[in-house]
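Trainee: Predicted coordinates and the sequence they were generated for:
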Amino acid sequence: ALADQGHVSQALDHYETAVKTWGQVANGAEAKVDDCARLADSLVSAGYMRNRMGEANHALENLQDALKIASTVLFGRQLSHEGCGPVASEAAPFPDAKALEVFSHALQARATILNFKEDYDAPAALARGAEWLRPNSTSATKNALTALAWRGNSQIFVTPQSALKDYRYVLARHDSLQRLDPNNRLGEREREVVRLLVAQGIIACHESKSKGCKPMPSLEEANATSWEVIGTLRALAQIDPTNVSL
């Protein structure tokens, strides 16, 4: 909530407190895999806040720590880690869903900071794996949709057909989420942003020299969608002037 109000430094203070507290839990005698995953998740959140503040190097340090911890517990805590307790456990037959979700989230955040286009495929694949393992988890679903949208962004100028396919899939899933939670204004905003991505994907198809989009989507659809999105985003912005996300 503080981050949405633009109070990023205060939000970072809370996330750093969460990191410290989860670190104490994860290093306790009865620590579980989920405790380590929550610690890594808090580190990812802190990394996002640091990046918003222009502290990219410190953000990458947070994300690297998150990746190390999450990888330690992907298949049960088989290895000890200084941030995640010394106790080892038997290997699990499947990756821990929460650890996999956090791992993919950290990879996607790192790719966003470094802007390495080739690094978006892995987070998308891992995030969809976490969603498959936790089909009823809204956070896993949203993480997967975000990763797919970023993968589309990395492809839009090279293979716009692939990007548009990702965008349309993400939009369909957002439609389903919105029907389940129709009063979620931030969710509605995310859906409208994805609609805008669809419009951009259509334009990219028309501008592409490869002409690889078949059938060629309609520019009229892109134009109409863009105007509708502008209207909806303006209306959402008036609901809560203190919310910088809206």
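Mentor: Received, thanks. Numbers count the residues shown, from 1 in each chain.

Trainee: give the contact list for Arg191.
Mentor: Taking Cβ atoms under 8 Å, 6 or more residues apart in numbering, we find Arg191 in contact with 171, 174-175, 177-178. Any C-beta I mention is one placed from the backbone N, CA and C, and that applies to glycine too.

Trainee: Which positions within the particular helix or strand that has it in it qualify as buried?
Mentor: For Arg191, the host element (DSSP states H and E) is helix 185-207. Neighbour counts over helix 185-207 (16 or more other Cβ atoms under 10 Å) mark 187-192, 194-205 as buried.

Trainee: same question, stretch 113-124
Mentor: Buried positions in stretch 113-124, judged by neighbour count with 16+ other Cβ under 10 Å: 113, 119-120, 122-124.

Trainee: Filter the contacts of Arg191 down to the buried ones.
Mentor: 171, 174, 177.

Trainee: Looking at these, which are in helices?
Mentor: Mapping the buried ones among the contacts of Arg191 onto helices (DSSP state H) picks out 171, 174, 177.

Trainee: Lowest-confidence one in the buried ones among the contacts of Arg191?
Mentor: Among the buried ones among the contacts of Arg191, Leu177 carries the lowest pLDDT, at 93.

Trainee: Surely that one and Thr138 touch.
Mentor: Yes. Assessed by Cβ atoms under 8 Å, Leu177 is found in contact with Thr138 at 7.3 Å.

Trainee: tell me which strands and helices the host helix or strand of Gln24 is in contact with?
Mentor: Using DSSP H and E, Gln24 sits within helix 8-26. Helix 8-26 is packed against helix 33-52, with contacts defined by 3 or more Cβ pairs under 8 Å, 6 or more residues apart in numbering; DSSP states H and E.

Trainee: And the helix it packs on, how far out from the chain middle?
Mentor: Offset of helix 33-52 from its chain centre (Cα atoms, centre = their mean, to the nearest Å): 12 Å.

Trainee: report the angle between the axes of it and helix 8-26?
Mentor: 160 degrees (axes from the mean of the first three to the mean of the last three Cα atoms, to 10 degrees).

Trainee: how about helix 33-52: buried residues?
Mentor: Neighbour-count burial for helix 33-52 [16+ other Cβ under 10 Å]: 33, 35-51.

Trainee: Next one: the nearest residue to Leu43 once chain neighbours are set aside from Tyr15, what distance?
Mentor: Residue nearest to Leu43 in three dimensions, not counting chain neighbours: Ala66, with 3.9 Å by Cβ to Cβ, 6 or more residues apart in numbering. Going from Ala66 to Tyr15 by Cβ to Cβ, to the nearest Å gives 12 Å.

Trainee: Same drill for the two, tell me which one is more crowded.
Mentor: Between Ala66 and Tyr15, counted using other Cβ atoms under 10 Å, the more crowded position is Ala66 (29 against 22).

Trainee: Validate this expectation: the more buried one resides in a helix.
Mentor: Yes. The assignment for Ala66 is a helix, going by DSSP: H, G, I helix; E, B strand; the rest coil.

Trainee: For it, give me its contacts.
Mentor: 40-41, 43-44, 47, 102-103, 106.
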